[in-house]
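Peer 1: starting from these lines, generate the structure:
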Amino acid sequence: KGMCEREDGVIVNVSSIAGRKAFGNHAAYCATKFGVHAFSEVLRTEVCEKGVRVVVISPGVVETELLSHSKTPGVIEGYEAWKKEGLKSKALVPKDVADAIIYASLAPKHVCVREVCLGPTFQED
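Peer 2: Numbers count the residues shown, from 1 in each chain. A predicted model of the protein is given here:
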């Protein structure tokens, strides 16, 4: 049986702080993350009466391999410089995001944690 048939389930969509605030030179990335938020809001309205909860996890900067896929000159170097001089703390690690997902997923059935937005303490944006 599916979630709607069982009247129980949690759908977790991982977005980004970039889905809440636009960042220059990141138009496509921000647009897709804003889209995740909008999709999640609409989906929630469609499945909440069936007892299915929809959660958006919106992390700030996380240490992942994402930047290693960049082909744009200077992006990785600029990011590393920003982390060192602008962030002033360590970035989130994947376990931080996983813990947020677990927290939202394990809430009592009558509670829908609609969004968890988390970031490093010193991340301004």
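Peer 1: pretty sure residue 11 is in a helix, no?
Peer 2: No. Using DSSP: H, G, I helix; E, B strand; the rest coil, the assignment for residue 11 is strand, not a helix.
Peer 1: is it true that it touches residue 48?
Peer 2: No. Residue 11 is beyond contact range of residue 48, at 10.9 Å (criterion: C-beta atoms under 8 Å). C-betas here are computed from N, CA, C, even on glycine.
Peer 1: against residue 108, how distant is residue 7?
Peer 2: As judged by C-beta to C-beta, to the nearest Å, residue 7 and residue 108 stand 15 Å apart.
Peer 1: okay, the two: which has more neighbours?
Peer 2: residue 7 (13 against 6; other C-beta atoms under 10 Å).
Peer 1: number of residues surrounding the nearest residue to residue 68 once chain neighbours are set aside?
Peer 2: In space, and not counting its chain neighbours, residue 68 is closest to residue 76: 7.6 Å by C-beta to C-beta, 6 or more residues apart in numbering. Using other C-beta under 10 Å, residue 76 has 12 other residues around it.
Peer 1: residue 76 sits in which helix or strand?
Peer 2: With secondary structure defined by DSSP states H and E, residue 76 is part of helix 75-82.
Peer 1: longest strand of this structure?
Peer 2: Ordering each strand of the chain by length in residues (DSSP state E) puts strand 52-59 first.
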